[in-house]
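>>> Pasted the sequence and its predicted model underneath.
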Amino acid sequence: MIELFSEQWINELKELWNKTPEVSDKLAEINFNSTIACGFKEDEKPLCVFVVKDGKAVSAGLYNDEVADWDMRASRKDWEKWSKKPLTMVSMGIAVATGKLKFVKGDFKAMIKNPSMAEPFVKSFELMSKIS
């Protein structure tokens, strides 16, 4: 199994992202550009990052002090659980409300209210479950 948030893991996510029209094409429709980071809540900095331009993931790797637009954190236990059973729209709202999923950067409330962003975002968690 690929180590969570390793360079190999984030590059697998990048490839899956670009091959999934419900994510990349939907975000391209709204000219979505963003630098997205992920990591563990207890760490000072995220572990990995990927850059999205017009909906497509154009680069991915280990975090190297990039300025993130989105920085998502959770415990290792929760990330591992979600990588097996992805979050849904409802369970994501619960995870955020209970503090299991923390947005160090990014406006979760605005994003989740916007279907053109929310649906691809939730779908990206499903992609994480496909990384082996």
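Structure's in. What do you need? Residues are numbered from 1 along each chain as shown.
>>> Touching, Asn33 and Lys56? I think so.
No. Using CB atoms under 8 Å as the test, Asn33 is too far from Lys56 to be in contact (9.9 Å). Yep, even glycine has a C-beta here, placed from its N, CA and C like the rest.
>>> Show me which of the two is the more surrounded one.
More neighbours surround Lys56 than the other of Asn33 and Lys56, with 17 against 14 (other CB atoms under 10 Å).
>>> Spatially nearest residue to Glu88, not counting backbone neighbours?
Careful, residue 88 is Thr; it's not Glu. In space, and not counting its chain neighbours, Thr88 is closest to Val122: 6.6 Å by CB to CB, 6 or more residues apart in numbering.
>>> I meant to write Lys26 there.
In space, and not counting its chain neighbours, Lys26 is closest to Pro120: 4.7 Å by CB to CB, 6+ apart.
>>> what sits up against the host helix or strand of that neighbour?
Assigned by DSSP states H and E, Pro120 belongs to helix 115-128. Identification of contacts with helix 115-128 by CB atoms under 8 Å, 6 or more residues apart in numbering yields 13, 16-17, 20, 22-24, 26-27, 29-30, 32, 82-83, 86-89, 92, 111-112.
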